[in-house]
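Student: Here is my input; please provide its structure:
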Amino acid sequence: MSGRSAGLLQHVAGAAALMLVPLAASSAEATEIGAYRGPGCDGRKQMHVFEDFVGRKAERTVDALNQESWAELKSSIPWIAKCWGGSDIELTLSVPMLPKDGSGTLAEGAAGAYDAVFVATARALIQNYLADAVLRIGWEFNGDWMPWTAMHDPESYKDYFRHIVAIMRAAPGQNFRFEWCPNHGRKAMDPTDAYPGDDVVDIIGMDVYAETWDASTRDPERRFAYFLDQPFGLKWHRDFAKQRGKPISYPEWGVGTRPDGHGVGDDPVFIEGMADWFEEVEPLYQSYWDVQASDYNAQMSNGQFPQASAMFKRRFGSVD
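Tutor: Have a look, this model is predicted:
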């Protein structure tokens, strides 16, 4: 997760929104609530912190394989799978296409150079009773910060994505769903240039972090309106997925601070805006980034953002 880059919507749950959800359900039931509390067993042990804060059970987490190097990536596969195996929390696993150390290219991946990584990932998930995991392959590809950025070679990105899906669907016993997930906004490229195809995408996700880059988005309400209306923003996400007949998700979202000063801090308007948006579009799931990461500190459960925390608990707290 890096490079994060009008008034609030009224609650609307029309027929178009319902088409985005695979099962008929009320707004509260249609969307799973989740959180990221850290990797693997660390995250599983810490999930109670988020649950105690929000006053309800977390239904999903979004974890990721290690992307520092091929060696680290491979060693993280069995650890992540064992840590979440047997949990009553559903798993979305973010699967890197390349490591940060620069040892690999999208074209090499599309040609089969790293197939063993994805065979091992599928096998470990199935062996640990995670055959129904959502697999988020090569996320935030439309930015320039991921080693698998598609900005220079979108065709190889698409080919590699398709190749990974083919490998993992061939694993005996699998029931995976595959997620394509840009970061909000245009960033370094038009994300649709790297859409790999309806036959290999089951869910269309989007990562959304509250940030401000100039005076036009410093006012909280104007800022959230921009998140809705910007090119490749929230409304585009909804409409693109609807055109393709796919459910949507928000695997990472949060409000907080960035070391470069472009975070927005304690912003309850963003929290309420996202809550209203979720009620309108009924995503398959949404998962809050509840950690103090070095590039974006969005932890909500520690009370560091009191106004946003109060709004979060009011909108996402116990539904009993």
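Student: any idea which residue sits dead centre in the chain?
Tutor: By Cα atoms, centre = their mean, the chain has its centre lying nearest to residue 251, at 2.2 Å.
Student: Is it part of a helix or strand, or is it coil?
Tutor: Recorded secondary structure, residue 251: strand (DSSP: H, G, I helix; E, B strand; the rest coil).
Student: Okay, it and residue 130: tell me how far apart.
Tutor: With distances taken as Cβ to Cβ, to the nearest Å, residue 251 is found 16 Å from residue 130. Heads up, the C-betas are built off the backbone N, CA and C, glycines and all.
Student: show me what contacts the residue nearest to the centre of the chain?
Tutor: Applying Cβ atoms under 8 Å, 6 or more residues apart in numbering to residue 251 gives the contacts 62, 92, 94, 136, 139, 179, 181, 205, 207, 285, 287.
Student: neighbours around residue 198, how many?
Tutor: The tally of other residues near residue 198 (other Cβ atoms under 10 Å) stands at 12.
Student: same deal with the one 5 residues further on?
Tutor: By the other Cβ under 10 Å criterion, the neighbourhood of residue 203 contains 23 residues.
Student: Give me the phi and psi angles of the residue nearest to the residue nearest to the centre of the chain when sequence neighbours are not counted.
Tutor: Counting by Cβ to Cβ, 6 or more residues apart in numbering, residue 251 lies nearest to residue 62, which is 4.5 Å off, once chain neighbours are set aside. Main-chain torsions, residue 62, degrees, to the nearest 10: phi -120, psi 100.
Student: Quick check: bridge partners of residue 62?
Tutor: Per DSSP bridges, the residues bridged to residue 62 are residue 92.
Student: any idea how far residue 189 is from it?
Tutor: According to Cβ to Cβ, residue 62 stands 23 Å off from residue 189.
Student: who has more neighbours, the two?
Tutor: Using other Cβ under 10 Å, the more surrounded residue of residue 62 and residue 189 is residue 62, with 30 against 20.
Student: In this structure the more buried one contacts residue 254, no?
Tutor: No - at 11.7 Å, residue 62 and residue 254 do not qualify as touching, with contact defined as Cβ atoms under 8 Å.
Student: Next, work out how far apart the residue nearest to residue 251 and residue 299 are.
Tutor: 15 Å.
Student: Quick one: the strands in the stretch 51-200 of the chain, in order.
Tutor: Along the stretch 51-200 of the chain, counting by DSSP state E, counting those that start in this stretch, strands occupy 60-64, 90-95, 134-137, 177-180.
Student: okay if I get the ones you listed as a markdown table plus distance to residue 46 and mean pLDDT?
Tutor: Formatted as a markdown table, those follow (distance: least, Cβ to Cβ, whole Å; pLDDT from 0 to 100):
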| stretch | distance to residue 46 | mean pLDDT |
| --- | --- | --- |
| strand 60-64 | 10 | 98 |
| strand 90-95 | 15 | 98 |
| strand 134-137 | 21 | 98 |
| strand 177-180 | 24 | 98 |
